[in-house]
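**Q** Just a sequence and a predicted model for now, questions to come.
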Amino acid sequence: MIEELQYDTSILLTARIVNKYDNNNNCIESVRYNPNGSLYSKTLFKYDISGKRTERAVYDSDGNLTSKIEYQYNEEGYWSEVNTYSSADNSTQRTAYEYEYDTKGNWIYQIEYVNGLAVKITERQFEYFE
């Protein structure tokens with residue numbers, strides 16, 4: 001377990017965060033407290049066998065789910081899909097990713113789609129030294 005204290009620029013405590021980890025050193029729970037010690041939120045994380053995060057769920061101080069993110073990965077280990085739910089407006093968002101790879105297996109071109117529409121293209125260049 002690791003405890004983190006956050007302060008503002010006036011050195012006033014703004015939050016206390018307590019993180020719990022599994023045997024693989026993955027954060028499985030993060031609890032955030034208000035400066036007065038009351039619970040602000042709890043975030044739970046799930047991982048697959050290889051240690052990749054598959055889910056992040058955030059609950060408010062009353063235990064109500066406020067948001068949830070589910071991650072899916074492609075065979076190369078990169079995100080293929082990220083699904084987000086928000087209870088604030090009862091919305092869901094599906095973000096999908098397509099990749100092109102170089103001969104070394106690194107992705108060099110990524111297209112990000114949000115709810116089926118391409119919103120971002122990222123291109124990377126690698127310089128390899130033999």
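**A** Thanks, I have the structure now.
**Q** I am assuming residue 125 contacts residue 107, so please confirm or correct that.
**A** No: with contacts counted by CB atoms under 8 Å, residue 125 stays clear of residue 107, the gap being 11.5 Å. Any C-beta I mention is one placed from the backbone N, CA and C, and that applies to glycine too.
**Q** I'd like the average pLDDT over stretch 98-105.
**A** Across stretch 98-105, pLDDT averages out at 95.
**Q** According to the record, where do the domains of the protein fall?
**A** Here the domain parsing of the chain from automatic domain parsing is 1-49+57-62, 74-130.
**Q** what's in contact with stretch 67-83?
**A** With CB atoms under 8 Å, 6 or more residues apart in numbering as the test, stretch 67-83 has contacts from 48, 50, 52-58, 84-88, 92-97, 99, 101, 105, 107.
**Q** Out of the residues you listed, name the ones that lie in strands.
**A** 53-58, 84-86, 92-97, 99, 101, 107 (DSSP state E).
**Q** about what we covered before: can I get the domains of the chain in CSV including distance to residue 68?
**A** Listed next are the domains of the chain as CSV, based on distance: least, CB to CB, whole Å:
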stretch, distance to residue 68
domain 1-49+57-62, 5
domain 74-130, 5
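**Q** Could you dump these into a markdown table and include mean neighbour count?
**A** Below are the domains of the chain laid out as a markdown table (neighbours: other CB atoms under 10 Å):
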| stretch | mean neighbour count |
| --- | --- |
| domain 1-49+57-62 | 13 |
| domain 74-130 | 12 |
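**Q** Mind listing the residues bridging to residue 46?
**A** residue 55 (DSSP bridges).
**Q** how far does stretch 3-15 sit from the chain's center?
**A** The chain centre lies 23 Å from the centre of stretch 3-15; the measure is CA atoms, centre = their mean, to the nearest Å.
**Q** send the alpha carbons of that stretch over as CSV?
**A** Listed next in CSV are the C-alpha coordinates belonging to stretch 3-15 (Å, rounded to 0.1, in the frame of the first residue of the first chain):
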residue,chain,number,x,y,z
GLU,A,3,-0.2,6.7,0.5
GLU,A,4,0.1,10.0,-1.4
LEU,A,5,-0.6,13.4,0.0
GLN,A,6,-1.4,16.3,-2.5
TYR,A,7,-1.0,20.0,-1.6
ASP,A,8,-1.8,23.2,-3.3
THR,A,9,0.7,26.0,-3.8
SER,A,10,-0.2,27.4,-0.3
ILE,A,11,0.9,24.0,1.1
LEU,A,12,-2.6,23.2,2.1
LEU,A,13,-3.6,19.5,1.9
THR,A,14,-6.0,19.0,-1.1
ALA,A,15,-6.2,15.2,-1.1
